[in-house]
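S.K.: Give me a model of this one.
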Amino acid sequence: MKVFLVEDEFVIREGIKNNVAWENNGFEFCGEASDGELAFPIIKKELPDIVITDIRMPFMDGLELSRLIKRELPQTKIIILSGHEEFEYAKSAIQIGVEEYLLKPINGEELLQVVRRVADKIREERENTENLKKYQADSRENLENAKGRLFADLISNEPALTEVIDRSREIGLELTAECYNIFLLKVQREQQGSVYSQRIVEIYDAVNQFLEQYNTSIICFDRVLEGKAFLFMGESEENINKKIFLFTEFFTQTVSRYTGISYFGSIGRAVSRLRELSLSYEAASHAFAYRFLIDENQIIRIEDIKKTPENKLMENNCHIGSIDTSNLDKRKIDNFLRGGDVGEIRYFVEEYIKNIGEAGNNSLIFRQYIAMDMYFAAVNFVKLIDPDGTLQIEEPFQSPEQMQDIISKLSSTVEYIVDLFRKVMNLRDRQMLEHNSDVVETARQYILENYGNEDITLNSVASHVNVSPNHLSALFSQKTGQTFVKYLTDVRMNKAKELLKCTNKRSNEISEEVGYKDPHYFSYLFKKNHGCTPLQYREGNGISQ
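M.R.: Have a look, this model is predicted:
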């Protein structure tokens with residue numbers, strides 16, 4: 001540790017500099033000065049860990065110097081030497097945050113003992129800071145999950161507004177603004193392979209760095225499989241639109257540097273109240289459903305969607321051969337059934353049918369055609385995901401009455417298709433739920449077998465079970481009621497308690513055995529989780545919870 005000395009008396013300064021075995025005791029004497037005015041610029045350059053200063057000096061005394069150091073370099077510890085016992089000096093030193101106040105004369109060994117004591121405190125603080133950083137990094141998953149739940153409540157309007165604001169502040173988010181808008185974004189790989197997954201991670205890392213310059217006025221929420229949601233906040237719609245424009249420019253330029261990656265984004269409507277955020281989200285979701293209907297690599301607003309039908313009006317008695325069906329791309333239906341969300345069904349169906357013009361409104365035979373087309377698409381998809389035939393889908397026209405109910409008007413046809421797709425996608429989601437249960441169980445087993453490996457992380461376990469880290473994190477919370485990190489920590493801590501009670505192994509040995517190479521961090525975590533140190537737990541004096 002670096003020590004700097006400020007002392008106006010030359011003999012004392014030389015004595016402290018030359019007669020204390022600094023290097024032999026693990027210290028570097030990095031500089032000296034005869035008063036505070038000369039010392040301060042050198043201190044800013046050398047960045048000493050400990051400054052020893054006299055209190056009475058010409059030009060700038062020790063108290064004034066200490067104030068400057070504490071303002072500019074708050075981590076630096078200060079030891080004051082004084083030939084005065086006046087209480088006011090000591091009181092001022094305490095108020096500034098000086099570490100030690102020593103009365104002259106003091107010999108080299110006494111000074112060295114005080115410096116060692118201060119150095120020990122510095123090491124302890126640094127260790128605690130590092131442990132806290134590790135803990136916060138480990139807890140980042142908890143934060144993302146809390147943000148995800150908060151976003152779901154924000155767009156549902158269910159909890160009271162005061163509750164939502166209180167919860168947001170608990171996780172360090174400030175939601176107070178004059179204007180809001182929602183931006184939905186999904187980035188996906190066009191090919192399988194870890195290299196493409198890594199590219200997505202790099203893109204989102206770049207996005208996070210971009211967001212840092214806006215402090216809290218743009219908040220990113222993880223929507224797991226659906227991508228990301230960004231909450232833009234500002235003093236006006238114009239201000240928000242400017243931020244969205246800059247973000248879009250940055251994002252598209254970033255993605256353009258990568259191959260094999262596609263994206264789609266949608267922008268909602270600006271609202272002036274937090275309680276109206278659901279309206280912004282609804283508009284963004286409506287536009288987001290268009291990712292199955294138009295070309296990829298676009299960012300659109302709901303206003304951008306063309307309202308004008310391309311097809312001409314048709315008579316009720318026209319036959320199917322006269323209808324332009326070029327816009328009925330069955331691949332879009334299949335893609336939606338595979339990757340869409342149940343909440344998007346109505347948006348998708350309405351816009352899909354709107355794309356083929358007024359035929360839906362003016363032709364019974366076309367409505368019959370479109371209902372059958374959707375039916376066959378649903379049946380083929382079900383065969384793929386459910387070869388055992390768990391879900392049986394009724395044909396739409398088993399009687400004239402049923403046909404009349406479905407095709408009498410366009411809204412009835414839409415309702416039939418929406419209900420049909422909802423059944424199919426619910427089956428898809430149930431099967432995914434069963435698969436997810438297997439994924440979580442496999443992940444839990446992997447943790448139980450590998451908890452002693454320090455390198456086990458959410459990413460490594462996600463790779464083992466072949467899902468994305470965000471997906472695994474969400475699954476763990478859903479299936480176990482715990483985050484991945486909390487589950488892993490509990491496994492390790494329970495094993496540590498067992499070893500503390502049932503073996504004579506030392507704490508550092510147990511630390512390594514349960515996956516922590518740093519015994520100090522292990523002790524920090526143990527106390528945070530159980531309210532006592534590992535040694536106190538072993539001796540039965542702890543307050544393990």
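
S.K.: Tell me the buried residues in stretch 17-36?
M.R.: 20, 22, 27, 29-36 (16 or more other CB atoms under 10 Å). Backbone N, C-alpha and C define where each C-beta goes, glycine included.

S.K.: And the residues you listed, which is closest to Y263?
M.R.: Nearest to Y263 among these is C30, at 51.9 Å by CB to CB.

S.K.: What residues does that closest one make contact with?
M.R.: 2-4, 46, 48 (CB atoms under 8 Å, 6 or more residues apart in numbering).

S.K.: can you tell me which two in the residues you listed are farthest apart?
M.R.: Among those, V3 and E46 lie farthest apart (CB to CB), at 10.0 Å.

S.K.: higher neighbour count, the two?
M.R.: Remark: of V3 and E46, V3 carries more neighbours, 24 against 14, as counted by other CB atoms under 10 Å.

S.K.: With distance to V379, secondary structure and pLDDT as added columns, please give the buried residues of stretch 17-36 in JSON lines.
M.R.: Shown next, in JSON lines, are the buried residues of stretch 17-36 (distance: CB to CB, whole Å; DSSP: H, G, I helix; E, B strand; the rest coil; pLDDT from 0 to 100):
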{"residue": "V20", "distance to V379": "88", "secondary structure": "coil", "pLDDT": "88"}
{"residue": "W22", "distance to V379": "84", "secondary structure": "coil", "pLDDT": "91"}
{"residue": "F27", "distance to V379": "80", "secondary structure": "coil", "pLDDT": "93"}
{"residue": "F29", "distance to V379": "84", "secondary structure": "strand", "pLDDT": "94"}
{"residue": "C30", "distance to V379": "79", "secondary structure": "strand", "pLDDT": "93"}
{"residue": "G31", "distance to V379": "82", "secondary structure": "strand", "pLDDT": "93"}
{"residue": "E32", "distance to V379": "87", "secondary structure": "strand", "pLDDT": "93"}
{"residue": "A33", "distance to V379": "86", "secondary structure": "strand", "pLDDT": "93"}
{"residue": "S34", "distance to V379": "92", "secondary structure": "coil", "pLDDT": "90"}
{"residue": "D35", "distance to V379": "90", "secondary structure": "coil", "pLDDT": "89"}
{"residue": "G36", "distance to V379": "85", "secondary structure": "helix", "pLDDT": "91"}
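
S.K.: would JSON lines of those residues with distance to I406 be doable?
M.R.: Below are these laid out as JSON lines (distance: CB to CB, whole Å):
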{"residue": "V20", "distance to I406": "95"}
{"residue": "W22", "distance to I406": "91"}
{"residue": "F27", "distance to I406": "87"}
{"residue": "F29", "distance to I406": "90"}
{"residue": "C30", "distance to I406": "85"}
{"residue": "G31", "distance to I406": "88"}
{"residue": "E32", "distance to I406": "93"}
{"residue": "A33", "distance to I406": "91"}
{"residue": "S34", "distance to I406": "96"}
{"residue": "D35", "distance to I406": "94"}
{"residue": "G36", "distance to I406": "89"}
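
S.K.: Out of those residues, the closest to F245 would be?
M.R.: For these, the nearest to F245 is C30 (50.0 Å; CB to CB).

S.K.: if you skip the residues just before and after it, what's nearest to that closest one?
M.R.: K2 (4.3 Å; CB to CB, 6 or more residues apart in numbering).

S.K.: dump the residue contacts of that neighbour.
M.R.: 27-28, 30, 46-50.

S.K.: so which of these comes closest to E401?
M.R.: Closest to E401, out of all of the contacts of K2 and judged by CB to CB, is L47, at 86.1 Å.

S.K.: my read: that closest one touches I69, true?
M.R.: No: L47 is not in contact with I69 according to CB atoms under 8 Å; the separation is 10.7 Å.

S.K.: so what sits against both of these two?
M.R.: T76.

S.K.: Look at those two and report which has more neighbours.
M.R.: I69 (27 against 12).

S.K.: which stretches of the stretch 101-250 of the chain form helices?
M.R.: 108-138, 140-156, 161-170, 194-212, 237-255 (DSSP state H, counting those that start in this stretch).

S.K.: for those, which one sits closest to N504?
M.R.: The nearest among these, by CB to CB, is helix 108-138 at 26.2 Å.

S.K.: okay, the angle between that closest one and helix 140-156?
M.R.: 50 degrees (axes from the mean of the first three to the mean of the last three CA atoms, to 10 degrees).

S.K.: where does this protein dip in pLDDT?
M.R.: When residues are selected by pLDDT under 70, those of the chain lie in 84-89, 136-137, 139, 193-194, 224-225, 306-328, 355-360, 388-391, 541-545.

S.K.: so where's the longest strand in it?
M.R.: strand 179-189 (DSSP state E).

S.K.: roughly how far is that strand from the heart of the chain?
M.R.: Centroid displacement of strand 179-189 relative to its chain, using CA atoms, centre = their mean, to the nearest Å, is 15 Å.

S.K.: Which positions in that strand come out as buried?
M.R.: Buried residues in strand 179-189 (16+ other CB under 10 Å): 179-189.

S.K.: Kindly report the same for stretch 291-302.
M.R.: Buried-residue list, stretch 291-302, by 16+ other CB under 10 Å: 291-293, 298-302.

S.K.: related to what we said a few turns ago, out of the contacts of K2, which sit inside helices?
M.R.: E46 (DSSP state H).

S.K.: ok, the contacts of K2 vs F232, which is closest?
M.R.: Out of these, the member with the shortest distance to F232 (by CB to CB) is L47, at 39.6 Å.

S.K.: who touches the closest one in this structure?
M.R.: 2, 73, 76.

S.K.: go on, L143?
M.R.: I171.

S.K.: quick one: which of the contacts of L47 is nearest M233?
M.R.: Closest to M233, out of all of those and judged by CB to CB, is L73, at 34.9 Å.

S.K.: Just give me the longest helix of the protein.
M.R.: Counting residues, the longest helix in the chain under DSSP H turns out to be helix 410-450.

S.K.: and that one, what does it pack onto?
M.R.: Using 3 or more CB pairs under 8 Å, 6 or more residues apart in numbering; DSSP states H and E, the elements in contact with helix 410-450 are helix 330-339, helix 345-354, helix 359-362, helix 364-385, helix 400-407, helix 458-465, helix 469-480, helix 484-502.

S.K.: Format those helices as JSON lines; extra columns: mean neighbour count and distance to S523.
M.R.: JSON lines is the format used below for the helices and strands packed on helix 410-450 (neighbours: other CB atoms under 10 Å; distance: least, CB to CB, whole Å):
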{"stretch": "helix 330-339", "mean neighbour count": "17", "distance to S523": "47"}
{"stretch": "helix 345-354", "mean neighbour count": "20", "distance to S523": "53"}
{"stretch": "helix 359-362", "mean neighbour count": "20", "distance to S523": "69"}
{"stretch": "helix 364-385", "mean neighbour count": "18", "distance to S523": "50"}
{"stretch": "helix 400-407", "mean neighbour count": "14", "distance to S523": "69"}
{"stretch": "helix 458-465", "mean neighbour count": "17", "distance to S523": "24"}
{"stretch": "helix 469-480", "mean neighbour count": "20", "distance to S523": "26"}
{"stretch": "helix 484-502", "mean neighbour count": "18", "distance to S523": "10"}
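
S.K.: Out of those helices, which gets nearest to D138?
M.R.: Per CB to CB, nearest to D138 of those: helix 484-502, 5.0 Å.
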